[in-house]
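Q: I need the structure of the sequence given here:
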Amino acid sequence: MQAFRNCGLCASGNLFKGRTDFLVARRNMSVLRVSAACVQLLKDKTNVFCSSPVHQRLLRLARSKAVAFSVSSGLCAVPFTQVENLSHESLIRRASCLVTDSANTYLSQTTLALVDAHTQYAKALHTLIALQKRYITSIGKLTPAEEDSIWQVIIGQRVEVSDRLEECKRFESNWMNAIHICELSAEAAYNSGAEHACTATKTNLQVAQSKVEEIRKISREAKKKLAETKAEEIQRMAEYVSSIDINDLEDIPEAYLRED
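A: Reported below is the predicted structural model:
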């Protein structure tokens, strides 16, 4: 810029000093050409600087600052909502929502435990049914040792069925408590004005009761099949005893004569 000023001053001073002097005019033309060259050089330097990566980064930084300023200015103009007044009614409503959340968690856990217990109980029953059917088809065909071995397995399976049934009863008690707690929490939520929490709890109650009823039905069907198998076993045993000679009763294994 200093060179540009000097060139301009030289041109203005020498151009108007003497117009009649040819040599002076010729020298002034030289000065003009030098000044034009200076201007072109400065223009080229300016274009190079504007196209450089540094200049581009400066432009992006300036734009981002401008956007940030506009966003912050917009946020300042947005009115924020005030926090709900902590009145007794609002605190009770919040507490009732917390109670329903805890009750729903308790219900879901006890329902899952009860469904799993009934599932294992039904599996144990079906295993016992299969053993009983195998025993029925083998009456009169096994040796005393084989007979005793089968009965040991059947007795062990009956113990497992009994344990699974006790587990079902224990989880049934917990599940009934969860049902009662959910009903009370739903009523409390409704009375406090938390209708959404009340509706959600009632929906969870219906789903839990539906699932438990389905698995109970499976267990009842398995127990019914076991009773039918027992009746079939008794009938088959009576037919076998009536088909042999009375003198051979001493040779009948003890397993056939026991009452189950």
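
Q: tell me the domain boundaries of this protein?
A: As given by automatic domain parsing, the domain ranges for the chain are 2-77, 88-257.

Q: Just give me the lowest mean pLDDT stretch among those domains.
A: In terms of average pLDDT, domain 2-77 trails the rest of the domains of the chain, at a mean of 48.

Q: quick one, helices of the stretch 101-250 of the chain?
A: Taking DSSP state H, counting those that start in this stretch as the test, the helices found in the stretch 101-250 of the chain are 144-192, 195-243.

Q: Mean neighbour count added to those, as CSV?
A: C-beta here means a position set from N, CA and C on the backbone, and glycine is covered the same way. As requested, those are exported to CSV (neighbours: other Cβ atoms under 10 Å):
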stretch, mean neighbour count
helix 144-192, 16
helix 195-243, 15
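
Q: Indicate which one of those helices is closest to residue 129.
A: Closest to residue 129 of these, according to Cβ to Cβ: helix 195-243, at 5.2 Å.

Q: Report the angle between the closest one and helix 144-192.
A: 160 degrees (axes from the mean of the first three to the mean of the last three Cα atoms, to 10 degrees).

Q: and helix 195-243, what does it pack onto?
A: Using 3 or more Cβ pairs under 8 Å, 6 or more residues apart in numbering; DSSP states H and E as the contact criterion, the secondary-structure elements in contact with helix 195-243 are helix 88-137, helix 144-192, helix 254-257.

Q: Let me see the contact set for the spatially closest residue to residue 201 that is not a sequence neighbour.
A: In this structure, residue 201 finds its nearest non-sequential neighbour in residue 186, 4.1 Å apart by Cβ to Cβ, 6 or more residues apart in numbering. Contacts for residue 186 were tallied using Cβ atoms under 8 Å, 6 or more residues apart in numbering; they are 100, 197, 198, 201, 202, 205.

Q: If we use 7 Å, what do you get?
A: Residues near residue 186 by Cβ atoms under 7 Å, 6 or more residues apart in numbering: 100, 198, 201, 202.

Q: Distance to residue 107 for the residues you listed - can I get that in CSV?
A: Shown next, in CSV, are the contacts of residue 186 (distance: Cβ to Cβ, whole Å):
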residue, distance to residue 107
100, 10
198, 14
201, 8
202, 11
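
Q: Tell me which two in these are the farthest apart.
A: When the contacts of residue 186 are compared pair by pair using Cβ to Cβ, the two farthest from each other are 100 and 202, 9.9 Å apart.
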